[in-house]
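1. Sequence and predicted structure below; questions after.
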There are 2 protein chains.
Amino acid sequence: MENLTKLDKIDYRLLNLLQNNAKVTNAYLSQQIGLSQAAIFERVKRLENDGYIKNYYAQIDGPKAGLGATFFVQISLTNNSRKSMDSFLQKIDELDEVIECHNITGSSNFLLKIVTKDLHSFQDLVMGEMSKLEEIGSLESMIVLSVMKDSKTVPIPLN
Amino acid sequence: MENLTKLDKIDYRLLNLLQNNAKVTNAYLSQQIGLSQAAIFERVKRLENDGYIKNYYAQIDGPKAGLGATFFVQISLTNNSRKSMDSFLQKIDELDEVIECHNITGSSNFLLKIVTKDLHSFQDLVMGEMSKLEEIGSLESMIVLSVMKDSKTVPIPLN
DNA sequence: AATGAAATTTGCAGATA
DNA sequence: TATCTGCAAATTTCATT
């Protein structure tokens, strides 16, 4: 990237409005913020180009779309070499069901979020594709019984 | 809701295209799918109205926006009564930094995803607002060192 | 589900401070 | 550098078939 200009309060308000609803029009943002549509347009373009806004996406209702099961899986590798980690991550990246992979502190190395059709599909995944990952030492699964909160936003301070 | 019509392959393809990029035009979707723009429009509207598409979001780059720290926190309650759980969840819902809360199986009751400015802000949150939650029995934090994968999509089968 | 037209929104001038 | 006014192009939305 280039030299990024520091964000002001208006930028943070824009980010917050857009992370809650990407379908708002420039006219609406213009009203909320109190700037002209052109100024809003310029700012949003800058936020996109400078990478503050990474993407726009539709949030799909997993269960309705036939993906009713979510899991968090803690994984430890047998070997903590760079080579072993890279190999593990490359294979994980190819598994569509693994939607998140975090390198974490604590007793295990990685925390994965996995979405599948149902419990059985999850078992198939763990016993099938994931059992092929030689790098895995231990694996502990947590089944998500219900999602109490899932905000898809980040707590941007507005003052 | 009402009686939802079953989704066909075209619907699943639309969901998949939109969850990867909500900014695609009906003209583009029309080309990809091979239907007229009006037909695409009708289908997307139906997917929205029937709740398959819950919302459209801008994905913000947390670290760039000053939110550089992510944590997963496992929490067990002292008491598993409905009353205690509801009280806990209501208070959690008011904490903007807690962006996810899952009720899970395993040794702890809940898994929370928390985003803050930095490690110090996280400590403030845990020592401050969260220490007020009387329902909490034990709390174990995992610091996210790096995010290896974060797809924001769900593995919709396309055939 | 398609065609085509109307309404809305976006994107970009040129002007101003 | 950041903003505004206003217009042309693109896109969405809807009536009709």
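-> Good, I have the coordinates.
2. Centre of chain A to the edge, which residue is at the far end?
-> Distance from the C-alpha centroid of chain A peaks at residue A:36, with 32.5 Å (Cα atoms, centre = their mean).
3. Give me the nearest residue to it, chain neighbours excluded.
-> residue A:30 (6.2 Å; Cβ to Cβ, 6 or more residues apart in numbering or on different chains). Every C-beta, even on glycine, is put in place using the N, C-alpha and C of the backbone.
4. Let me see the domain layout of chain A.
-> Taking automatic domain parsing as the reference, chain A has its domains at A:9-49, A:63-143.
5. residue contacts, the residue nearest to the spatial centre of chain A?
-> Closest to where the C-alpha atoms of chain A average out (Cα atoms, centre = their mean) is residue A:100, at 6.4 Å. By Cβ atoms under 8 Å, 6 or more residues apart in numbering or on different chains, the residues touching residue A:100 are A:111, A:112, A:113, B:147, B:149, B:150, B:151.
6. can you count the residues close to the fifth one?
-> Neighbours of residue B:149 under the rule other Cβ atoms under 10 Å in any protein chain shown: 16.
7. Distance from the chain centre to the helix or strand harbouring it, please.
-> Residue B:149 is part of strand B:136-150, with elements assigned from DSSP states H and E. Strand B:136-150 sits 16 Å away from the centroid of its parent chain (Cα atoms, centre = their mean, to the nearest Å).
8. Would you list the strands that it pairs with, along with their directions?
-> Paired neighbours of strand B:136-150 in the sheet (DSSP bridges): strand A:98-104 (antiparallel), strand B:69-77 (antiparallel).
9. Output that strand as CSV, nothing but the C-alphas.
-> Only the C-alpha atoms of strand B:136-150 are listed here, as CSV (Å, rounded to 0.1, in the frame of the first residue of the first chain):
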residue,chain,number,x,y,z
ILE,B,136,-19.2,-16.6,35.7
GLY,B,137,-17.5,-19.5,37.4
SER,B,138,-14.4,-19.9,35.4
LEU,B,139,-12.8,-18.1,32.5
GLU,B,140,-10.0,-19.2,30.2
SER,B,141,-8.6,-16.9,27.6
MET,B,142,-6.8,-17.7,24.3
ILE,B,143,-5.0,-15.0,22.5
VAL,B,144,-5.1,-15.0,18.8
LEU,B,145,-1.5,-14.7,17.6
SER,B,146,-2.4,-14.7,13.9
VAL,B,147,-5.4,-15.4,11.7
MET,B,148,-4.5,-18.1,9.1
LYS,B,149,-7.9,-18.3,7.5
ASP,B,150,-11.1,-16.3,7.9
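10. For it, the averaged confidence score.
-> Averaging pLDDT along strand B:136-150 gives 97.
11. If you count neighbours, what's buried in it?
-> Neighbour-count burial for strand B:136-150, counted by 16 or more other Cβ atoms under 10 Å in any protein chain shown, picks out B:136, B:139, B:141, B:142, B:144, B:148, B:149.
12. show me what contacts the fourth one?
-> It refers to residue B:142. Residue B:142 touches A:104, A:105, A:106, A:111, B:71, B:72, B:73, B:74, counting by Cβ under 8 Å, 6+ apart.
13. how does it look with 7 Å?
-> Listed by Cβ atoms under 7 Å, 6 or more residues apart in numbering or on different chains, the contact partners of residue B:142 are A:104, A:105, A:106, A:111, B:71, B:72.
14. Could you pick out the residues of chain A near DNA strand D for me?
-> A:5, A:10, A:35, A:36, A:37, A:38, A:39, A:42, A:43 (Cβ under 7 Å from any atom of the strand).
15. 6 Å - rerun?
-> A:5, A:35, A:36, A:38, A:39, A:42, A:43 (Cβ under 6 Å from any atom of the strand).
16. per-residue confidence at the closest residue to residue A:95 other than its chain neighbours?
-> Leaving aside its chain neighbours, residue A:95 sits nearest to residue A:129 (6.1 Å; criterion: Cβ to Cβ, 6+ apart). Residue A:129 carries a pLDDT score of 97 in this model.
17. What backbone torsions are found at residue A:129?
-> Dihedral pair for residue A:129: phi -50, psi -40, per degrees, to the nearest 10.
18. Check the gap between it and DNA strand C for me.
-> Distance, residue A:129 to DNA strand C, by Cβ to the nearest atom of the strand, to the nearest Å: 35 Å.
19. What about that residue, how many residues nearby?
-> Here the count is done by other Cβ under 10 Å, and residue A:129 has 15 residues near it.
20. Hmm, residue A:94 and it touching each other?
-> No - the criterion here is Cβ atoms under 7 Å, and residue A:129 misses it with residue A:94 at 8.8 Å.
21. What about DNA strand C: which of the residues of chain A next to DNA strand D touch it?
-> residue A:38.
22. Filter the residues of chain A next to DNA strand D down to the buried ones.
-> A:35, A:43.
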